[in-house]
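Visitor: Provided below for reference: sequence and predicted model.
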Amino acid sequence: MSIVLDYLVMLPGPTNVPTRVTSAMSTPMINHRSGDFRTLYKDIISKTQKVFETTNDIVVLTSSGTGAVEASVVNLIKKDDLVIVPVNGEFGTRLADLVDNIGGRAIRIKAPFGENPPIENIKEAFDNNRGVKALYAIYNETSTGTTLRYMDQLGKLCKNNGAFFIADAVSILGGDHLPVDEWNVDVCVTASQKALAAPPGLAPMSISNDAKKYMIENPPATQYLNLKRYFKYFGESNETPFTPAISLFYAYREALDMIIEEGLQNRIDRHKQCAKAVYAGLEEFGLTPFAKENARSNVVIAINYLQGMDDKKFREILSSQFRVLLAGGFGELKGKVFRIGCMGEVTGYHIMRTLSAISSTMEILNIKPKGDGLSVAHDILTAL
Ligand SMILES: Cc1ncc(COP(=O)(O)O)c(C=O)c1O
């Protein structure tokens, strides 16, 4: 009989889910139109506010992250609205296309993949276009492993220009700093399966009073993603308008409890330290990060393949022989990079096992790691 070990899920989502969280999913079913659910949902809302660092309204959609991203667009953007979108990867490209597809006019502020556009270019876009309605920023561009490090300034820029500020924080919230109120984020969207370390299927989002007012006065012609309905149901009865994924709600609450118990700052520091160890360890092996140094993400690490490292073979060996799951590149970066999700419950154990598996896989592919990346990573992980 062969022994099948669990995967170490080092993907940029879904990520490893603590047993405490998965166990919560076996809580017996309840009526979603009952006090049992109302208590659960109210608890989830107030804990989500803590993790988002906001007093804004919260909606938890039963959908993946795309549902919340789409909701943020269809509830705010109307025909011919001008919308600034920094574009430096696949998710920025998708968002700008979505804005155009529903009738808005996306102003794309482009940067080469792996870099962030200079903030001056975004300021210029505000100066050169009268009446910009909104700015949509992908806080962490998952396709390239880059993080926009000037979100706070974007919030100020939007406030000064009377524009809504929307953050796609799908792959980062819970793993890096994102104080929604301090940064003036009108709509912040994320997903359960990434740095929050819950299973896939929920998309929590926060909505400021100004954005909420606009959405209520100008509801979209959609049903499921019409946020006015969610405000109404929550306001009247602390319920959701449609059947929620109740088991996932239990899991998500447990994941929120774990975040609050750990403390946001401790959690962010842990992510940072783990990412530092991954970058340093891989560089010692002779590998290079795809993202420019000042744009590198602490939650999604994209690494260039060396000559002779075939994407399919590399990840197949990692998966079948070492039970470690990594992601490939997609879009323009297909076959050129691999990506490591460094998020959620990630600890030194995950990092050392991943680096060791990468080193062994390189050896199997006849690519000798240059230096002792494991020691380098270990030193970082054990430094005070
Ligand atoms: C930045 C970003 N936005 C949106 C999405 C879409 O999320 P989902 O796959 O949960 O629909 C992703 C998924 O990886 C993402 O990384």
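Guide: Great, that's in hand. Residues are numbered from 1 along each chain as shown.
Visitor: who in the stretch 51-200 of the chain is up against the ligand?
Guide: Taking Cβ under 6 Å from any ligand atom, the part of the stretch 51-200 of the chain that reaches the ligand is made up of S64, G65, T66, V69, F91, I138, T142, D168, V170, S171, A191. The C-beta positions use only the backbone N, C-alpha and C, and glycine is treated the same way.
Visitor: Doesn't the third one belong to a helix?
Guide: Which is T66. Yes: residue state for T66 (DSSP: H, G, I helix; E, B strand; the rest coil) corresponds to a helix.
Visitor: list the contacts for it?
Guide: Contacts of T66 were listed using Cβ atoms under 8 Å, 6 or more residues apart in numbering, and they are A203.
Visitor: again with the fifth one
Guide: Remark: with contacts taken as Cβ under 8 Å, 6+ apart, F91 is in contact with I138, E141, T142, S143, D168, V170.
Visitor: can you list the weak-confidence ranges in the protein?
Guide: 1-2, 384 (pLDDT under 70).
Visitor: which residue ranges form the strands in it?
Guide: 8-9, 57-62, 82-87, 105-110, 132-138, 140-141, 146-147, 164-168, 187-189, 202-207, 300-304, 324-325, 327-328, 337-341 (DSSP state E).
Visitor: how many neighbours does the nearest residue to T27 once chain neighbours are set aside have?
Guide: Closest residue to T27 apart from its sequence neighbours, by Cβ to Cβ, 6 or more residues apart in numbering: Y250 at 4.6 Å. For Y250, the count of nearby residues is 21 (other Cβ atoms under 10 Å).
Visitor: Of the strands of the chain, flag the one that's most buried.
Guide: Comparing the strands of the chain by mean neighbour count (mean count of other Cβ atoms under 10 Å), strand 140-141 ranks first with a mean of 30.
Visitor: List the pairing partners of it within its sheet, with orientation.
Guide: Next to strand 140-141 in the sheet, as set by DSSP bridges, lie strand 146-147 (antiparallel).
Visitor: Who are the contact partners of the closest residue to the ligand within the stretch 101-250 of the chain?
Guide: When scored by Cβ to the nearest ligand atom, the stretch 101-250 of the chain has T142 as its residue closest to the ligand, at 3.2 Å. Going by Cβ under 8 Å, 6+ apart, T142 touches P12, G13, G89, E90, F91, V170, S171, V300, R339.
Visitor: show me what contacts the spatially closest residue to the second one that is not a sequence neighbour?
Guide: What sits nearest to G13 in space, not counting adjacent residues and going by Cβ to Cβ, 6+ apart, is K194, at 4.1 Å. Contacts here follow Cβ under 8 Å, 6+ apart; on that basis K194 touches 12-15, 65, 170-175, 299, 341, 343-344.
Visitor: repeat that for 6 Å
Guide: G13, S171, M343 (Cβ atoms under 6 Å, 6 or more residues apart in numbering).
Visitor: Apart from its chain neighbours, what residue comes closest to the second one?
Guide: Right, S171. Nearest one to S171, counting by Cβ to Cβ, 6+ apart, is T142 at 4.3 Å.
Visitor: Just read off the phi/psi values of the one you found.
Guide: phi -60, psi -30 (degrees, to the nearest 10).
Visitor: any idea how far S64 is from it?
Guide: Taking Cβ to Cβ, to the nearest Å as the measure, T142 falls 13 Å from S64.
Visitor: circling back to that earlier point, for the contacts of K194, which single residue is the most surrounded?
Guide: Counting by other Cβ under 10 Å, top hit in these: M343 with 33 neighbours.
Visitor: Quick one: the helices in the stretch 51-200 of the chain, in order.
Guide: Shown for the stretch 51-200 of the chain, the helices assigned by DSSP state H, counting those that start in this stretch span residues 65-74, 90-101, 119-128, 151-161.
Visitor: of all these, which lies closest to I380?
Guide: helix 151-161 (26.0 Å; Cβ to Cβ).
Visitor: quick check: angle from the closest one to strand 82-87?
Guide: Calculated by axes from the mean of the first three to the mean of the last three Cα atoms, to 10 degrees, helix 151-161 forms an angle of 170 degrees with strand 82-87.
Visitor: Am I right that Y7 is in contact with L325?
Guide: Yes: here Y7 lies in contact with L325, judged by Cβ atoms under 6 Å, at a distance of 5.1 Å.
Visitor: Does anything pack onto the lengthiest helix in the chain? Which helices or strands?
Guide: Looking across the chain with DSSP state H, the single longest helix is helix 264-285. Secondary-structure packing of helix 264-285 (3 or more Cβ pairs under 6 Å, 6 or more residues apart in numbering; DSSP states H and E): helix 348-364, helix 373-382.
Visitor: Kindly reformat those as CSV containing distance to the ligand and mean neighbour count.
Guide: Formatted as CSV, these follow (distance: least, Cβ to the nearest ligand atom, whole Å; neighbours: other Cβ atoms under 10 Å):
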stretch, distance to the ligand, mean neighbour count
helix 348-364, 19, 19
helix 373-382, 25, 18
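Visitor: Adding distance to S23, write those out as JSON lines.
Guide: Below are the helices and strands packed on helix 264-285 laid out as JSON lines (distance: least, Cβ to Cβ, whole Å):
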{"stretch": "helix 348-364", "distance to S23": "20"}
{"stretch": "helix 373-382", "distance to S23": "28"}
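Visitor: Of those, which is nearest I58?
Guide: Across those, I58 has its closest neighbour in helix 348-364 (29.3 Å, Cβ to Cβ).
Visitor: Please report the distance of the nearest residue to I84 once chain neighbours are set aside from P117.
Guide: In space, and not counting its chain neighbours, I84 is closest to L135: 4.4 Å by Cβ to Cβ, 6+ apart. To P117, L135 is 12 Å away according to Cβ to Cβ.
Visitor: likewise M25?
Guide: From M25 over to P117 the distance is 41 Å, taken as Cβ to Cβ.
Visitor: And D168, how far from V83?
Guide: Distance from D168 to V83, by Cβ to Cβ: 13 Å.
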